[in-house]
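Asks: need a structure here:
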Amino acid sequence: MTNASLAHGWRAVSGHVAVGALFKSVLINMVAPALLYRLAAPHFSAQSLAPLAISGLPPILWLAFSVFKLKAVDFLGLFAAENVAVSMAALVLAHSEREALIGRSMQNVVLAAVFLASLALARPMVFHMARQLSTGNDPAKRESFERAAAQPGAMGTYRALTWGWTAALLIKAAMSFYLGGHLTTKSYLVASPVWDLASDTLLLTWTILFGRARLGLASAGPRRPEPAVVIP
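Replies: The predicted model follows:
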């Protein structure tokens, strides 16, 4: 696998992942939680956090299904687990729904810290993400991917992308904090997933385009200088 193959991998990521991930994200993180909250809210007092806790069941159940049934423990599952853990901690520590919603904004702060910390390693976070999405964790393909990633300039691309993800996650957290502090719970359960979906779409689009451009340029290599034309 060459850097040109890596650049092709970014195009494959957009084709293989986007449609299915988009549908599941909307269903699990937007439609189901909002519906459950609306169904549960009339059965509890206005001060109860139970409806909010119930609305968080779909992501938790999907994560459990992925781990135990599909045996899919990967970085996506780890991100989901981190989100669930932060959400549950915010719910337990909060004294009101408003505090619980604001606490959820810490999800992306924690992830940003993980991405930032990974820059101290030989292989930053986006390298592992790209490898999984491009190879499906197939051992032979992973080996080829890692050989290609050793090409000059390739790892620099992954580091630049990891910096970009760190900044983007902090922006996502700031917006989530604002939504949690200003919207009602019903509105938040719709607006927050919409914001996540829109921002994630922009982030993934930038990742694919930037990675394709950088790796494509790396695969092309230095151009041979044109012969000089001497005009007498």
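Asks: Could you list the low-confidence segments of the protein?
Replies: Along the chain, segments meeting pLDDT under 70 span 1-26, 29-30, 46-47, 49, 63, 66-67, 69-78, 80-81, 135-139, 216-232.
Asks: repeat that for 80
Replies: Residues of the chain meeting the criterion pLDDT under 80: 1-34, 36-38, 41, 44-85, 87-88, 91-92, 94, 128, 130-152, 215-232.
Asks: just checking, what's the longest helix in it?
Replies: If you go by DSSP state H, the chain has its longest helix at helix 185-220.
Asks: now for that helix, which elements pack on it?
Replies: helix 3-26, helix 32-40, helix 50-55, helix 97-104, helix 154-182 (3 or more Cβ pairs under 8 Å, 6 or more residues apart in numbering; DSSP states H and E). Quick note: C-beta positions are derived from backbone N, CA and C, even for glycine.
Asks: Let's see that with 10 Å instead.
Replies: Contacts defined by 3 or more Cβ pairs under 10 Å, 6 or more residues apart in numbering; DSSP states H and E place helix 185-220 against helix 3-26, helix 32-40, helix 50-55, helix 97-104, helix 106-118, helix 125-135, helix 139-149, helix 154-182.
Asks: now that helix, how far from the chain's geometric center?
Replies: 8 Å (Cα atoms, centre = their mean, to the nearest Å).
Asks: tell me the angle that helix makes with helix 32-40.
Replies: Per axes from the mean of the first three to the mean of the last three Cα atoms, to 10 degrees, the angle that helix 185-220 makes with helix 32-40 is 170 degrees.
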